[in-house]
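Engineer: generate coordinates for the sequence data below:
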Amino acid sequence: NMLTTQIEGRMKSTRANHGRSVKLLGVMSLVSAFALLTMPSMPSMHRTLAEGVVVFSHTYWGKYWEDIFAAPFTNIYDGSGDRSASLPHDPNNVGYVLTLTSCPGDSYNTGDEGADYDPGHSFYDAAAVLKYSICRYSYADDSRYNATMYALVHPDAVKCKDPNGQDYDRVEVLQELGYHVSIVGSQIYDRMLQDPFVKENLPIDSGERDFMRLDALSMDNHPIVVSVDFRTFVIQNLDSDFDSFLNSNEQMRWSMDYPTNVPSTGSNLGPNLHWIMMRPNRDLEAAIIAKYAATSYTTTWGWNNQGVKDFEGVLGIKGFLMHYYNRIDVGKLGILQRCYFGNDNSNPMDQDQSGSTICRDHTDCQDCRAVSFDRIKVLKMMDTCGKPWECSYDDTWEPTAKVQCENYHRAWFEARKNFEDSYWQNGIPSFHNGTFHPNVFLGYCNCAGQACYDRMIDDKA
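Structural biologist: Numbers count the residues shown, from 1 in each chain. Model (predicted):
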C-alpha cells in the first residue's frame with residue numbers, strides 16, 4: 001500500500017522571472033488518504049494522511065523537530081515526472097489546499113492573512129492537527145467524501161529558520177505528515193499590472209503571493225477544492241454542504257468576513273479566507289488573473305469604480321474576488337452562513353464615529369458567540385481566542401466569548417489528543433500534566449505563552 005511518486009513543483013511567474021514559467025521537478029514521497037508513507041530520510045518514521053497507524057521511532061525521541069527535519073537542501077528537487085497520473089481522480093475526493101507564502105519573520109512584509117497566523121515554532125503540530133480535523137470527517141466517519149491534503153509552498157517558504165536561527169525544511173515536515181506539496185510562485189507579478197496604484201500598493205496591502213491560493217483552481221482531478229489556512233478547524237461532517245455545492249451553478253462559496261471599518265456598506269468587506277470552496281476550473285483561474293491585471297482601483301470608488309473598497313486586503317485576492325463575483329461574474333457565488341463556517345467568536349457590534357453602537361455587518365447581525373457550539377461546522381480560530389499552541393487564555397474575555405473560546409481550544413486539544421492516541425502509536429509520550437486551565441488545554445499547557453506549550457516533538461525555543 002506504499003505510494004511513492006514524483007510531484008511537480010511549480011514556480012509560476014515570479015517577480016524575478018517576469019512571467020517565464022519555471023518548473024522545479026522533484027522526487028517527493030507522497031500519500032493520499034489511507035495510504036502509508038515512509039520518508040526516505042527517516043526509514044523508521046511512518047505516517048498516514050490521517051487514518052491508520054502512525055509509527056514514530058523511539059530513536060528520535062531525544063531530538064528536536066528542527067534537527068529531525070534539518071534542511072540539507074541537496075537533491076531535494078532533482079528528477080523529473082508528472083504528478084497528474086499519481087494523484088486521485090475520484091468524483092468523491094475533495095482536495096484541501098494550504099498555502100504558505102513566507103517564513104515567519106522574513107522580509108516579505110505584507111498584510112497576507114496566512115502569514116499573520118503562521119504557527120512558527122509549532123508548525124509540526126499545527127499542520128498535523130489541521131489535517132486530522134479534516135480527515136476524521138472523511139470516509140472514516142461514514143462520509144461519502146474522501147480527502148486529500150495539499151500544500152502550495154512559495155520557494156522562499158521552503159527553507160525557514162527555527163527559533164535559534166538554524167534552517168529547517170518545511171516541505172519535508174509537510175511530506176512527512178502526508179501533504180502533497182507543490183513549490184509554486186505567484187501568478188501575479190508587478191510588470192503585468194496595468195494600474196499604477198495597484199502596482200505600487202499591492203506589496204504593502206496583501207502582496208502578490210496572496211494569489212497563490214488561486215492555484216487550487218487548477219486541481220481539476222477533484223470535484224471540489226477548499227482553500228484553508230492554519231485558522232481552519234473542521235468539527236462536523238460536510239457531506240450535505242458538498243452535495244449542495246455540486247448541485248448548484250456556483251463557482252465558489254465562502255462566508256463573509258466583517259468589514260474592517262464601520263459602517264458596513266455592503267461593499268467594504270470580503271470573504272473569510274480560511275475556508276473557500278471552489279469548483280476547479282483552469283479557465284476560471286486564467287480569467288480572474290487576466291481581469292485582475294487589467295482592472296484599475298481608486299481609493300474613492302474602488303475596483304473599476306464600482307464600489308468594492310476600503311478594507312484590509314482589498315488589493316489582494318480578498319478584495320478582487322469580492323469584486324469579481326459581485327460585479328463581473330454575478331450569480332456564480334454562494335454565501336455560507338458566517339456563524340457556522342466563519343465563526344471567530346467576535347462581537348458583531350461596534351461603535352461608529354458618533355459613538356453609536358451599530359452592527360458591524362448590517363446584512364447579518366447575528367451574534368455568533370451565542371450559537372451553540374455543536375451547530376458550528378468550521379471554526380475560524382485565533383482571531384479572538386488566540387493561538388492554541390500559545391496556550392492563549394484571557395481572564396478578561398467577556399462571559400459569552402469566554403465560553404466559546406474555551407470550547408475552541410478544548411476542541412483543538414481534543415483533536416490533538418485523539419490523533420496521538422489513535423494514529424501515533426509508539427509516538428513520543430505526552431503526560432498531560434500541565435496545570436494551566438487543564439479543563440481547556442487538557443494538560444498540554446503549564447502557563448500562557450508559547451514556552452508553556454507541550455509540543456508533539458520538542459523544539460529549541
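Engineer: contacts only, for the residue nearest to Gln251 when sequence neighbours are not counted.
Structural biologist: Spatial nearest neighbour of Gln251, excluding adjacent residues (Cβ to Cβ, 6 or more residues apart in numbering): Lys332 at 4.4 Å. Placement of C-beta: from N, CA and C, glycine included. For Lys332, the contacting residues are 249-252, 325, taking Cβ atoms under 8 Å, 6 or more residues apart in numbering as the criterion.
Engineer: for those, work out which two are farthest apart.
Structural biologist: Asn249 and Tyr325 (12.6 Å; Cβ to Cβ).
Engineer: neighbour-wise, which of the two wins?
Structural biologist: For Asn249 and Tyr325, the more surrounded residue by other Cβ atoms under 10 Å is Tyr325, and the numbers stand at 21 against 8.
Engineer: distance of that one from Ile224?
Structural biologist: With distances defined as Cβ to Cβ, to the nearest Å, the gap from Tyr325 to Ile224 amounts to 17 Å.
Engineer: go on, Arg416?
Structural biologist: For Arg416, the distance to Ile224 (Cβ to Cβ) stands at 27 Å.
Engineer: what helices or strands is the lengthiest helix in the chain leaning on?
Structural biologist: Secondary structure assigned by DSSP state H gives helix 399-423 as the longest helix of the chain. With contacts defined as 3 or more Cβ pairs under 8 Å, 6 or more residues apart in numbering; DSSP states H and E, the secondary structure elements packing on helix 399-423 are helix 123-135, strand 232-234, helix 438-441.
Engineer: and that helix, how far from the chain's centre?
Structural biologist: Using Cα atoms, centre = their mean, to the nearest Å, the mean C-alpha position of helix 399-423 is found 18 Å from that of the whole chain.
Engineer: swap in stretch 188-197?
Structural biologist: Between the centre of stretch 188-197 and the centre of its chain there are 26 Å (Cα atoms, centre = their mean).
Engineer: next, the distance between the ends of that stretch.
Structural biologist: For stretch 188-197, the first-to-last residue distance is 15 Å (Cα to Cα, to the nearest Å).
Engineer: same thing with stretch 145-162?
Structural biologist: Taking Cα to Cα, the span from the opening residue of stretch 145-162 to its closing residue is 37 Å.
Engineer: which positions within that stretch qualify as buried?
Structural biologist: Along stretch 145-162, the positions that meet the burial threshold by neighbour count (16 or more other Cβ atoms under 10 Å) are 145-158, 160-162.
Engineer: cool, and stretch 337-353?
Structural biologist: Buried-residue list, stretch 337-353, by 16+ other Cβ under 10 Å: 337-346, 348, 350.
Engineer: quick check: mean pLDDT across that stretch?
Structural biologist: Per-residue pLDDT values over stretch 337-353 give a mean of 95.
Engineer: repeat that for stretch 386-397.
Structural biologist: For stretch 386-397, mean pLDDT is 95.
Engineer: pull the distance from that stretch to the chain's centre.
Structural biologist: A distance of 20 Å separates the C-alpha centroid of stretch 386-397 from that of its chain, computed with Cα atoms, centre = their mean.
Engineer: do the same with stretch 328-341
Structural biologist: Here stretch 328-341 shows a centroid-to-chain-centroid distance of 19 Å under the convention Cα atoms, centre = their mean.
Engineer: try stretch 190-203
Structural biologist: Per Cα atoms, centre = their mean, the centroid offset for stretch 190-203 relative to its chain is 26 Å.
Engineer: got it, and stretch 184-193?
Structural biologist: Chain-centre distance of stretch 184-193: 21 Å, with Cα atoms, centre = their mean.
Engineer: rewinding a little: separation between the residue nearest to Gln251 and Ile288?
Structural biologist: Per Cβ to Cβ, Lys332 is found 11 Å from Ile288.
Engineer: cool, and Ile328?
Structural biologist: Between Ile328 and Ile288 the distance, using Cβ to Cβ, works out to 9 Å.
Engineer: more crowded one of these two?
Structural biologist: It is Ile288, of Ile328 and Ile288, that has more neighbours when counted by other Cβ under 10 Å, with 23 against 16.
Engineer: now do the phi/psi pair for that one.
Structural biologist: The phi and psi values for Ile288, taken as degrees, to the nearest 10, are phi -60, psi -40.
Engineer: wait, it sits on Tyr324?
Structural biologist: Yes: in this structure, Ile288 sits in contact with Tyr324. The criterion is Cβ atoms under 8 Å, and the distance is 6.0 Å.
Engineer: picking that back up, quick check: neighbours shared by Ile328 and Ile288?
Structural biologist: Shared between the contact lists of Ile328 and Ile288 (criterion: Cβ under 8 Å, 6+ apart) there are no residues.
Engineer: just to revisit the earlier point, with pLDDT and secondary structure added, can I get the contacts of Lys332 in JSON lines?
Structural biologist: Converted to JSON lines, the contacts of Lys332 look like this (pLDDT from 0 to 100; DSSP: H, G, I helix; E, B strand; the rest coil):
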{"residue": "Asn249", "pLDDT": "97", "secondary structure": "coil"}
{"residue": "Glu250", "pLDDT": "98", "secondary structure": "coil"}
{"residue": "Gln251", "pLDDT": "98", "secondary structure": "coil"}
{"residue": "Met252", "pLDDT": "98", "secondary structure": "strand"}
{"residue": "Tyr325", "pLDDT": "97", "secondary structure": "helix"}
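Engineer: looking at those, which is nearest Ala451?
Structural biologist: Using Cβ to Cβ, the contacts of Lys332 come closest to Ala451 at Met252, 40.1 Å.
Engineer: and for the nearest residue to that closest one once chain neighbours are set aside, the neighbour number?
Structural biologist: The shortest distance from Met252 to any residue that is not its chain neighbour, by Cβ to Cβ, 6+ apart, is 5.3 Å, and that residue is Met278. When counting by other Cβ under 10 Å, one arrives at 25 neighbours for Met278.
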